[in-house]
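A.B. asks: Fold the following and give me the result.
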Amino acid sequence: MRKSKKLQLPRDVARHLARADRVLIAEPLKAGGWAAVTRDALVLVDDGGVQQRAEWHEIDTGHWQGDTLTFTITWADRVRPDTELVLTRDEVNHFTGALRERVQSSVVHAESIELGEARVRATVRRRPDNTLYSQVTAFGPLGHSPEETAAIDELERRVREAAGLPT
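C.D. replies: Below you'll find the predicted structure:
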């Protein structure tokens, strides 16, 4: 990845953002429009308006594929399918760095355990209004035994307690 030159969001696109949406960095999308990293959210916007707004706590991870100029977003709820942002250039280290930093800023505390073939992660995340909530994600198959359920409940209790949330 080469060092990226920062691009400015065009005025006809920027006018659709909320006043509170201070753009930290933006990249043009191959299909048209822009992906804008703001303090509180990732905003997909074009000259017709905001197409999607995702607060940072909604995003779990992202992955850059330079050969296809694609940044893939995996959602924290695992309900939404991954979202692929196809960019117009490979000079995106500022953009991907800002995205990573904003997602990580929403993570207050996280712990993982191994349960058989699965890894289970419990995370306390922060919303833009500063409220905290816990989230449990399994990576791999779970057997749903009483022992697994108890281990997962204990994991969530520990991360909630560590962040000062009621258990």
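
A.B. asks: can we go C-alpha only for contacts and neighbour counts from here?
C.D. replies: Fine.

A.B. asks: tell me the contacts of the nearest residue to residue 21 once chain neighbours are set aside?
C.D. replies: In this structure, residue 21 finds its nearest non-sequential neighbour in residue 38, 5.7 Å apart by Cα to Cα, 6 or more residues apart in numbering. Going by Cα atoms under 8 Å, 6 or more residues apart in numbering, residue 38 touches 21-25.

A.B. asks: and the gap between residue 38 and residue 17?
C.D. replies: Remark: distance between residue 38 and residue 17 (Cα to Cα, to the nearest Å) = 10 Å.

A.B. asks: can you map out the helices along this protein?
C.D. replies: 11-14, 93-105, 146-162 (DSSP state H).

A.B. asks: Which one, of the ones you listed, ends up nearest to residue 81?
C.D. replies: Among those, the nearest to residue 81 by Cα to Cα is helix 93-105 (17.8 Å).

A.B. asks: which helices and strands does that closest one pack with?
C.D. replies: When contacts are defined as 3 or more Cα pairs under 8 Å, 6 or more residues apart in numbering; DSSP states H and E, helix 93-105 packs onto strand 23-28, strand 34-38, strand 59-65.

A.B. asks: highest average neighbour count across the ones you listed?
C.D. replies: Most buried of the helices and strands packed on helix 93-105, by mean neighbour count (mean count of other Cα atoms under 10 Å): strand 34-38, with a mean of 24.

A.B. asks: can I get the helices of the chain in TSV with mean neighbour count?
C.D. replies: Converted to TSV, the helices of the chain look like this (neighbours: other Cα atoms under 10 Å):
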stretch	mean neighbour count
helix 11-14	14
helix 93-105	18
helix 146-162	16
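
A.B. asks: and the residue most central in space within the chain, what is it in contact with?
C.D. replies: Ranked by distance to the mean C-alpha position of the chain (Cα atoms, centre = their mean), the top residue is residue 59 at 2.3 Å. Taking Cα under 8 Å, 6+ apart, we find residue 59 in contact with 73-76, 103.
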